[in-house]
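K.L.:
Sharing a model that was predicted from the sequence below.
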Amino acid sequence: MITSFLGVLFDGLAYGMLLFLISVGLSVTLGLMNFINLAHGAFAMLGGYVCVLALQRWGLPFYLMLPLAFLLSALAGLLLERVLYRHLYRRSHLDQVLATIGLTFMAIASANYFFGPMQQPVQVPQFLSGQISVAGVDLNLYRGFLLAAGAALTLALTLALERTRFGASVRAAVDRPRVAEALGIRVGLVFQVTFAVGCGLAGLGGALGVQVLGLDPAFPLKFIVYFLLVVAVGGTSGLKGPLYAALLLGVIDVAGKYYIPEIGAFIIYAMMVILLVLRPQGLISRK
Amino acid sequence: MFKHHLKLLASTAALLLAANASAQAPLKIGMVVETSGAFADFGMQMMNGARAYMKAHGDTVAGRKVELIVKDTTGVPDVAKRVAQELVTNDKVDFLAGFGLTPSALAVAPLATEAKKPMIVMNAAASVITTRSPYIARVSFTLPQVTAPMATWALRNGIKKVYTLVADYGPGIDAETQFKKTFTAGGGQIVGDVRTPMRNPEFAPFLQRIKDARPQAVFVFLPAGEQAVGFMKGFAERELDKAGIKLIATGDVTEDGVIDAMGDAPLGVITTQHYSVAHDSAENKAFLKAYAEVAGTKQRANFMAVGAWDGMAAMYEVARRLNGNIDGDKAMEVLKGMKIDSPRGPLTIDPATRDPIETIYVRKVEKAKDGKLYNVEFDQFQNVKDPTK
Amino acid sequence: MSIPTQAARQIPVAEIVFWLVLAAGFWLWPSYLPLASQVLIAGLFALSLDLVLGYAGIVSLGHAAYFGVGAYAAGVLASHGWGEPFSGLLLAAVCAGATGFITSFLVVRGKDLTRLMVTTGIGLLLFELANRLTDVTGGNDGLLGMEMRPLLGTFRFDMYGKVAYGYSLAVTFVLFLLMRRVVNSPFGLSLRGIRDNPGRMLALGYPVHRRLIAMYTLASVYAGIAGALLAQTTQFVGTDVLSFNRSAELMVMLIVGGTGMLYGGLVGAAVFMVAHHYLSDLNPSYWQFWLGAFLIAIVMFGRDGVLGACLRLMRAWRVRAQKAALES
């Protein structure tokens, strides 16, 4: 009884961390920069395809693939920021929706063209597959790895945002762009870098997530609700909110499916609506 | 618009010139398929299969050049209905064909009746489809048809306690119902069942439930594609096989087109279905050769491509038997009872139900010399009909 | 945003021409009537979203919920032997309106992102419910056996889509006229005030919540009727009527046309669906690329959608004409 509960808790936390990892990039672009980037999934998909190419075709080891997925997605983000996104910062949210949906359509068609519509072969590396038994609870290695990766990433990002000069200028540039500019902060550059980091994180999350979620060209639209729901439920004031929201939703979803599988399809959406109605500003809101 | 009128004028003129002239006009086949969206691979497989057939057998039949007009349903039934209407009223197609998904086929069925157009279902697998219009013939399979043999085979091979896991939607429920029926009628026991959501299919908690219940085997139906991949990975990672739980399934789970995406996870899985690329026959070799010429070697063919291939074979045969003059009622008479030498083995269109009668094979996933996985057939049930009719 | 509406009021000629062209559709695009009726239905549906988004300022990505409820209401009625079209519309309006009223209490709370996800959640929950209630909806396979009776007892729904087009056009036109009155009434104007500055409207003594709930319910009624029209003209209902993709595509259509301008929904639906149709005929597999590029182009080269761009062009042209007249 207790062991099965511990097992469910572990699976739930791991699933929550997966949700967090695939949406952390959006917490940066939408949460921090207040830009409705519905093309987030396209960058995540890019990371996924980098993962497939790196592991299958180029024969790179897993631990080199991850930074590569981050860098290439960040690079793509940087390029698109120059040609498209920077024209949209000051536009209405609806215009942002339209343009980024358009970008998503283009990404889907491109993926279809270059890789075909089928599922891509993505495998968990040998040293992370299988499971170990700790005190009678079966712990899946890759899920354990996801938990560790998510925790490390959150820590690093929080430190970077709250403790570094760059983090301070990001917050200044977002909250009071004119004042920041007057203080000598190069707002354009700050936005550019932040946006690229957000896209890089999307790619990294994609590369980590496709091992569990699978990868085909429909990826960006298929998971769009999950990206958005983590950010919406978590609130847009930082990374802690989305992290807690993702973990909470993950545990409830997995526990619900284990104990009452009949309502499996409803749990996560119902929880989302309930949490949002109870806390419209998100779990952790800006004062 | 103007161009369209011209076309109309031209075709009317051609009709008037001579009865024979209609044999010169192209034989138009309207392909209603999913070529974008979440089911884009369905459309891709079917189009490859249809084009492969034309590559192998020429693009002319009964003196008429065959023309495929492809319309994307995007997986939405109202779009399917609309493009089918356009195919019938504007393009004046001779056949409607394709149909990867059940709702699309069902939405178009009344139109086939009204327009008296033969409608060849190349994939969609709900039993009910052929009952919705006398102008529908199916060359693929029905889900109960491939499910029942799995239950029978399991019983014969000492499996008495089974847990079922199916996707929570129409086809999944059909598979679950049929499996339970055949399995319990033969003395087997269902120790538990679970239906998994179509979206957000995180399989971990379901797999853990099954592991805790310790059945002899778990029977699975999931739509081919990401869900099957996700399930197989989870099954292997959670080490259910090492816990002594066998995996038996319909062929959708280890479908040829996606099996490469699963790693070694599906090794040893037992499935029942009507087609495997590893099937050993001259027809299959010819099919695979033509398929590779059309689609390249990167993409492996699957049962949907075979459905399209056989659908084309059926339409070619109808055109030959009717000397190129396609009339809905006459075409249906030709289709009823038609025998096709399919890459999957012999196939007959049941004259009573217009559903396929075919051999269902029991297969096991093995690694071949080329290092890839295949569904290797080792047992079979001959002349299987849809058990629900 | 008020300028285009004024412009629309000043030039009813353009409006009359707009509807006359649609009525002439039987002769102008006789071979594309099925597409045209689906454009009208999507346009009516987008009009409904415009009530919510453009006039009340509620961002929704779950509007298919009400469309779907309406579609199923009409579908279930017809499959149970009552195939008279107008009673189907009425039932759909009632069911969708009730669903809209109940859910509106969840929706009006919170800000943009919250509302966006609450509406999305409602849509997804209803989708899963329809998939589960196979006895009522037919589940994933779809609702079978919808037999529609002839319209007004005489016009049978034909495969060329003539009756479907006339029917959709008539219903859309009547509902459009009604909406035109509503948004220009004191009620509609107060909503625009709420959209632009809710705090101020509250301070002025307007019952902000009640107004929003009323508008949301009205919009749900419209969405339900649009859903019923689709169900009746297709004679089939699948769970897809409730899908997230339908909600998302709807929002894209409305933004393409332009929000808060009355005609934005109809124009957007026409532009989007015709582009989609044309591109997917050119290339059934990769059309999404060009559609995406098209959407980006609309954002880059115009504000307030296609309609906004047209109105600006017209105004610029008129100013130039006036100048020319003065100079000569």
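P.N.:
Thanks, I have it.
K.L.:
Helices along the stretch 151-287 of chain A, start to end?
P.N.:
For the stretch 151-287 of chain A, the helices defined by DSSP state H, counting those that start in this stretch cover A:165-175, A:177-182, A:187-213, A:219-222, A:224-234, A:240-259, A:267-278.
K.L.:
How about the secondary structure of B:Ile29?
P.N.:
Here B:Ile29 is recorded as strand under DSSP: H, G, I helix; E, B strand; the rest coil.
K.L.:
and what of the one 3 residues further on?
P.N.:
Using three-state DSSP, the secondary structure recorded for B:Val32 is strand.
K.L.:
for it, what are its contacts?
P.N.:
For B:Val32, the contact set (CB atoms under 8 Å, 6 or more residues apart in numbering or on different chains) comprises B:Lys71, B:Thr73, B:Ala80, B:Val83, B:Ala84, B:Leu87, B:Leu96, B:Ala97, B:Gly98, B:Phe99, B:Ser104, B:Val108. Yep, even glycine has a C-beta here, placed from its N, CA and C like the rest.
K.L.:
related to what we said a few turns ago, out of the helices of the stretch 151-287 of chain A, which gets nearest to chain B?
P.N.:
Relative to chain B, the nearest member of those by CB to the nearest CB is helix A:240-259, separated by 3.8 Å.
K.L.:
mind showing which ranges of the chain have poor pLDDT?
P.N.:
In the absence of a named chain, this looks at chain A. Residues of chain A that meet the criterion pLDDT under 70 lie in A:1, A:285-287.
K.L.:
not quite, I wanted chain B
P.N.:
B:1-23, B:200-201.
K.L.:
Domain boundaries for it, per the record?
P.N.:
Residue ranges for the structural domains of chain B, counted by automatic domain parsing, are given in the record as B:2-141+B:280-354, B:144-273+B:361-384.
K.L.:
At which residues are the helices of the stretch 151-300 of chain C located?
P.N.:
C:162-184, C:186-196, C:198-203, C:208-234, C:244-257, C:264-282, C:287-301.
K.L.:
okay, these in TSV with distance to chain A next?
P.N.:
Written out in TSV, the entries for these read as follows (distance: least, CB to the nearest CB, whole Å):
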stretch	distance to chain A
helix C:162-184	18
helix C:186-196	13
helix C:198-203	14
helix C:208-234	14
helix C:244-257	5
helix C:264-282	10
helix C:287-301	3
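K.L.:
Turn those into JSON lines, including distance to A:Arg86 and mean neighbour count.
P.N.:
Supplementary listing: these in JSON lines, determined by distance: least, CB to CB, whole Å; neighbours: other CB atoms under 10 Å in any protein chain shown:
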{"stretch": "helix C:162-184", "distance to A:Arg86": "35", "mean neighbour count": "18"}
{"stretch": "helix C:186-196", "distance to A:Arg86": "27", "mean neighbour count": "17"}
{"stretch": "helix C:198-203", "distance to A:Arg86": "31", "mean neighbour count": "13"}
{"stretch": "helix C:208-234", "distance to A:Arg86": "35", "mean neighbour count": "26"}
{"stretch": "helix C:244-257", "distance to A:Arg86": "20", "mean neighbour count": "25"}
{"stretch": "helix C:264-282", "distance to A:Arg86": "26", "mean neighbour count": "21"}
{"stretch": "helix C:287-301", "distance to A:Arg86": "12", "mean neighbour count": "20"}
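K.L.:
Close to chain C: what parts of the stretch 1-150 of chain B are there?
P.N.:
By the criterion of CB under 8 Å from any CB of the partner chain, the positions of the stretch 1-150 of chain B lying close to chain C are B:1, B:4, B:33, B:35-37, B:40, B:43-44, B:70-72, B:74-78, B:81-82, B:85-86, B:88-90, B:102-103, B:106-107, B:110-111, B:114-115, B:126, B:128, B:132.
K.L.:
Need the phi and psi values for B:Met198.
P.N.:
Listed backbone geometry of B:Met198 is phi -70, psi -40, with angles given as degrees, to the nearest 10.
K.L.:
Take the helices of the stretch 151-300 of chain C and lay them out in CSV including distance to chain B and mean pLDDT.
P.N.:
Formatted as CSV, the entries for the helices of the stretch 151-300 of chain C read as follows, by distance: least, CB to the nearest CB, whole Å; pLDDT from 0 to 100:
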stretch, distance to chain B, mean pLDDT
helix C:162-184, 9, 92
helix C:186-196, 31, 84
helix C:198-203, 34, 82
helix C:208-234, 5, 93
helix C:244-257, 8, 91
helix C:264-282, 5, 91
helix C:287-301, 6, 89
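K.L.:
Which of these sits closest to A:Ala168?
P.N.:
helix C:198-203 (31.1 Å; CB to CB).
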